[in-house]
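In: Give me coordinates for this.
(chains A and B)
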Amino acid sequence: MNEFRATVAIVRRHVDRRFGIDWAMQFGLVVAIAYVFAPTLANPLFALGIASTLAAASAAERTHADSLRRVTFFAMPLYGRQLARAHAVVPVLLALAIPAGYGLGAVVRTHNFPPALLGMMFGAALVATLVSLSATFRDGIRAWLYVILAATAGLLVSLPYALFADRGLGLSLALALLIGFIALRAFGETLARYDPLPTT
Amino acid sequence: MKILRIADASFARDGIELIVPFSLTLEAGQEAEIAQPTPLGASIAARICAAIVRPTRGTVFVGEYQTRLQPPQAKRLVGFVDAGGFVGDAHAVRCEVAFRADVWNLDKTLAQRRASGVLAELGDGPYARAIALALVADVALVVLDQPASPFVAAVRRLVPRAAIAQTLVAGLAARPATPALATAR
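Out: Numbering: from 1, shown residues only, chains lettered A, B, ... in the order given. Take a look at the predicted model:
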C-alpha cells in the first residue's frame, strides 16, 4: 500500500470546483468582516474568535459531512488514521482562507496588521478545523457540541498570545500543534469506529 | 482455503436488531446467498461481509484477517458492490477507476483495461459499472448487495477462483428463502 498515493488521490477527489468556490466565498466574507470591524474591534481576541468560529463551522458543514460519509471511503483498504489525514487536508486548506482574508481586509483598512496575529489566527483556525472534523460523523446536538468545542479550543490555544502578546506566541503555537495533533488522532479514531449504514 | 468465515454476526443500533443474525463459511470458488427480511438488513449484512461495517456481535474473518482488528487487510481482499450500483457516465467510471488504482496502488492502465473487460462482459448499467469498479483490484471475495438481476454467473466467469456472497431481501429472493438464510453452494 502506497499511503502517499492514496492520500493524494483522496485529496484530489475533495478538491473540485465547489472547493474553489467555497474558498473564494469564505475569503471574501472575511475580507468584508475585517474591512468593517478591524478598526473598531482592535483586540486580537476578536480576530482570533472570528478565525476559530468560522473555521469550526466550515469544517462541520453538512454537505461536506455527507460527502465524507460515502461508503466508497470505508471500502478502501486504509486505517482510520490514514483516512483522517487524507480527509483533513482540504478542510485545513479551506480554513486558511479565514486568516488570509482577515489579514487582507485589516491591512487594506488600517494599514496595520501584526504578522504574529496572522500566525496565531492560522494556528487557531487549524485547531478549530481539526477538532470540528469529528462533528462530521455525528448528528444533532452532539455535532453542535463538537463545533462549539472546536471554536472554544481554537480560542483557548490563542489565550497565551492574547494575554502576553508576542511573548505568548510560542506557547500558543506549541499548544495549537499539540491540540491539533490530538484532534487529528481523535478524528482517526472516529473514522475507525464509524459504521457507514445504508441511508435507505 | 476459507475466504469468508462469519460466526453469528448481528448488528444492533440503539438496542434494535437491524439484521437477523447469520453465520456463513465460504471457500474459494464457492457462492452464497444471504437473505434478510429488509433491504436495510440486506445492505448491512453485505457491508459486514465486506468488512465495512463491524458486527455488534459475532466475528467475521476475511481470509485470515478478523475484520474488527485488521480491517484494511481484510478490505484489500474484497470487491464490494453497493446496492444502488454506480450512477455515473463512462467518464465518471474512468475517473473512479483511476481513483481506485491510486488508492489500491495499482497500475492505472491495467486497471482501466480490467474495468473495460468487465463492462464488455456484463454490458452497461449502474450495477455492471459497480461490479467493474469492484473488480479493478485482485480480489478473493466479491460481495454483491441486492443485485437487480442475476449477476453471479457472469461474475463467476470473470473471477473463477473468488468466493461470491450475495445478499437478498427474503421476500424477493430468487428461490425460497427464510429470514437470515445463509447458504453456500
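
In: List the residues that contact the residue in chain B that chain A sits nearest to.
Out: Nearest to chain A in chain B, going by C-beta to the nearest C-beta, is residue B:102, at a distance of 3.4 Å. Backbone N, C-alpha and C define where each C-beta goes, glycine included. Going by C-beta atoms under 8 Å, 6 or more residues apart in numbering or on different chains, residue B:102 touches A:5, A:6, A:8, A:9, B:108.

In: The fourth one should be in a helix, yeah?
Out: When you say that, I think you mean residue A:9. Yes - counting by DSSP: H, G, I helix; E, B strand; the rest coil, residue A:9 is part of a helix.

In: any idea how far it is from chain B?
Out: 3 Å (C-beta to the nearest C-beta, to the nearest Å).

In: Can you give me every residue that contacts that residue?
Out: Residue A:9 sits in contact with B:99, B:102, B:103, where contact means C-beta under 8 Å, 6+ apart.

In: From chain B, how far off is the residue positioned nearest the centre of chain A?
Out: Nearest to the geometric centre of chain A sits residue A:129, at 2.2 Å (C-alpha atoms, centre = their mean). Distance check for residue A:129 against chain B: by C-beta to the nearest C-beta, it reads 24 Å.

In: how many neighbours does the closest residue to residue A:126 other than its chain neighbours have?
Out: Of all residues not flanking residue A:126 in the chain, residue A:180 sits nearest, at 5.3 Å (C-beta to C-beta, 6 or more residues apart in numbering or on different chains). When neighbours are counted by other C-beta atoms under 10 Å in any protein chain shown, residue A:180 registers 22.

In: Please settle this for me: is residue A:180 part of a helix?
Out: Yes - using three-state DSSP, the secondary structure at residue A:180 is a helix.

In: list the buried ones in stretch A:98-111?
Out: For stretch A:98-111, the neighbour count (16 or more other C-beta atoms under 10 Å in any protein chain shown) marks A:98, A:99, A:100, A:101, A:102, A:103, A:104, A:105, A:106, A:109 as buried.

In: doesn't residue A:6 make contact with residue A:87?
Out: No - using C-beta atoms under 8 Å, residue A:87 is not in contact with residue A:6; the gap is 11.8 Å.

In: Any idea how far the helix or strand of chain A with the lowest mean pLDDT is from the middle of the chain?
Out: Within chain A, no helix or strand scores below helix A:62-68, which has a mean of 85 by mean pLDDT, DSSP states H and E. Helix A:62-68 has its average C-alpha position 15 Å from the chain's average C-alpha position, going by C-alpha atoms, centre = their mean, to the nearest Å.

In: which element follows it toward the C-terminus?
Out: helix A:71-74 (DSSP states H and E).

In: for chain B, what spans make up the helices?
Out: With helices called from DSSP state H, chain B shows them at B:39-49, B:71-75, B:90-103, B:108-122, B:126-134, B:152-158.

In: who wins for proximity to residue A:49 among the ones you listed?
Out: helix B:90-103 (38.4 Å; C-beta to C-beta).

In: So residue A:142, which state does it fall into?
Out: helix.

In: residues in contact with it?
Out: Contacts of residue A:142 (C-beta under 8 Å, 6+ apart): residue A:135.

In: how near is it to chain B?
Out: Using C-beta to the nearest C-beta, residue A:142 is found at 14 Å from chain B.

In: mean confidence for stretch A:127-144?
Out: Stretch A:127-144 comes out with an average pLDDT of 95.

In: which parts of that stretch are buried?
Out: So for stretch A:127-144, counting by 16+ other C-beta under 10 Å, buried means A:127-138, A:143.

In: do the same with stretch A:180-196
Out: By 16+ other C-beta under 10 Å, the buried positions in stretch A:180-196 come out as A:180, A:183, A:184, A:186, A:187, A:188, A:190, A:191, A:192, A:194, A:196.

In: give the contact list for residue 44.
Out: No chain was given, so I picked chain A. Per C-beta under 8 Å, 6+ apart, neighbours of residue A:44: A:117, A:120, A:158, A:161, A:162.

In: Chain B, not that one
Out: Residue B:44 sits in contact with A:197, A:198, B:11, B:18, B:19, B:36, B:53, where contact means C-beta under 8 Å, 6+ apart.

In: quick one, phi/psi of the third one?
Out: Its backbone dihedrals place residue B:11 at phi -140, psi 120, with angles given as degrees, to the nearest 10.
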